[in-house]
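Visitor: Coordinates for the following, if possible.
(2 chains)
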Amino acid sequence: MSQSPATPLAPVVQVPVVPLLQLGTWVVFFGLLAMLAIFFVSADQGAISLPAGNAVHEWVHDARHLLGYPCH
Amino acid sequence: MSTARGDRSVPGQLSPAAFLVRGLAVGLAAGLIAFVVAFAFGEPYVDDAIALEEAAAAQAPADHAAPADHGEPADHGEPADEEPADESGMVEISRENQKSWGLLTGTLAVGAALGGLAALAAAAVIGRLGSLSARGSTALVALIGFVAVALVPFTKYPATPPAVGSGDTIGGRTASYFALLLVSVLAAIAVVVLADRLRTRVDGWTAAFLGAGAYLAIVTVTAMLLPTVNEVGDFPADTLWYFRRSSLLTLTALWATIGVGLTVLIGRLHDRAAADLVRRELAASL
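Guide: Numbering: from 1, shown residues only, chains lettered A, B, ... in the order given. I've put the predicted structure just below:
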């Protein structure tokens, strides 16, 4: 910050970043989990059923409507 | 200098896991707030819609082709003596449970998922969007998330209350909705990358406006190509609008909480990591 006035064109090393390769693993891992969670709230036992029945659909029914997902 | 550059990854304090933990915490809080908003502002109209649906069903009890009949036994927790549950895994859940614990389950799950994804997206862009600070980058991610994940799909396929929407078309409507959502999210990511590349030729604001324009063009064309859904029938327009307004309010509350919460928590996380870097740099220079 203030102690490096002589190198204005140098990369701003004071800004830490997350390495993209390291982040990619987490994005894949959590992306899959998040899609699964969103699937069960947004679409399960509507267009696709995993598992069969209507228990998941019925339980999250109001959230599905109010969060704007297509419902029956 | 080279030492500090080699340590840019700062293991520990600025790891993806630190972002994800904050994203999940903020997402759960956002889910809770979305639940409160949905319960207070949305549930009255869900109840109105179900009352209308049941009134329509009562008027045509034997007609299975009636518009209000979804062909789904036990939908909306109707009394068991009207439509007995059959043996194929069909259950009854009372309206009280649907509008409280069921709604809360849904908003918490979606909140945690979106909060975590937003935090990881912030981790990807922090320090990489020109001179934008960690807080600015995080707030921008939440804003883009709200537009791309909630607002744009809503404009083409707005939320519908119970009684609007046929069970026969749920497959096509679900496919259309998620197709638009997918295009919207991919386009948002693409234009951020594009705008970042453009910064070498034009200034930051121009790059941002060009990116926003490209995004709007992509989602507008996609929305025009996707099929239109109109299954409102003679559902009362005022109830429909109040329901949709409350749904949009719920989504806004969800994303606003994610945005504010993540900006605060990630901002602090980044401050600590930046101070750490300065200390290391100072120690290396001595």
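
Visitor: quick one, what contacts B:W101?
Guide: B:W101 is in contact with A:W59, counting by CB atoms under 8 Å, 6 or more residues apart in numbering or on different chains. Every C-beta, even on glycine, is put in place using the N, C-alpha and C of the backbone.

Visitor: I'd like to know which elements whichever strand or helix holds B:V193 is packed against.
Guide: Using DSSP states H and E, B:V193 sits in helix B:170-198. With contacts taken as 3 or more CB pairs under 8 Å, 6 or more residues apart in numbering or on different chains; DSSP states H and E, helix B:170-198 sits against helix B:152-156, helix B:204-225.

Visitor: Any idea which of those helices gets closest to B:V141?
Guide: Between B:V141 and the helices and strands packed on helix B:170-198, the shortest separation by CB to CB is 13.5 Å, and it involves helix B:204-225.

Visitor: Show me what the closest one is packed up against.
Guide: Where contact means 3+ CB pairs under 8 Å, 6+ apart, helix B:204-225 is packed against helix B:152-156, helix B:170-198.

Visitor: quick one: the closest residue to B:A139 other than its chain neighbours from chain A, how far?
Guide: Nearest non-adjacent residue to B:A139, counting by CB to CB, 6 or more residues apart in numbering or on different chains: B:T263, 4.9 Å away. Counting by CB to the nearest CB, to the nearest Å, the gap from B:T263 to chain A is 16 Å.

Visitor: Also B:G259?
Guide: 17 Å.

Visitor: One more: B:V147?
Guide: 14 Å.

Visitor: How about B:A195?
Guide: For B:A195 relative to chain A (CB to the nearest CB), the value is 18 Å.

Visitor: Around that residue, count how many other residues there are.
Guide: 22 (other CB atoms under 10 Å in any protein chain shown).

Visitor: What ranges in the chain fall below the confidence cut-off?
Guide: Picked chain A for this. A:1-14 (pLDDT under 70).

Visitor: um, chain B though
Guide: In chain B, residues with pLDDT under 70: B:1-13, B:61-88.

Visitor: Which segments of it make up each domain?
Guide: Domain segmentation of chain B under automatic domain parsing yields B:15-60+B:91-164+B:240-286, B:166-228.

Visitor: looking at the ones you listed, which is buried most?
Guide: domain B:15-60+B:91-164+B:240-286 (a mean of 21; mean count of other CB atoms under 10 Å in any protein chain shown).

Visitor: quick one: which of the helices and strands packed on helix B:204-225 is nearest B:T107?
Guide: Nearest of the helices and strands packed on helix B:204-225 (CB to CB): helix B:152-156, 16.2 Å.

Visitor: Can I get that closest one as PDB, trimmed to CA atoms?
Guide: Taking Å, rounded to 0.1, in the frame of the first residue of the first chain, the C-alpha atoms of helix B:152-156 are listed here in PDB:
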ATOM      1  CA  VAL B 152     -34.300 -13.200 -16.000                       C
ATOM      2  CA  PRO B 153     -36.000 -16.600 -15.700                       C
ATOM      3  CA  PHE B 154     -38.800 -14.800 -13.800                       C
ATOM      4  CA  THR B 155     -39.500 -12.400 -16.600                       C
ATOM      5  CA  LYS B 156     -40.200 -15.200 -19.100                       C
END
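
Visitor: contacts for it?
Guide: Under the criterion CB under 8 Å, 6+ apart, residues A:68, B:177, B:180-181, B:184, B:219, B:223, B:226, B:247-248, B:251 lie in contact with helix B:152-156.

Visitor: Surely A:Q45 and A:N54 touch.
Guide: Yes - using CB atoms under 8 Å, A:Q45 is in contact with A:N54, at 5.4 Å.
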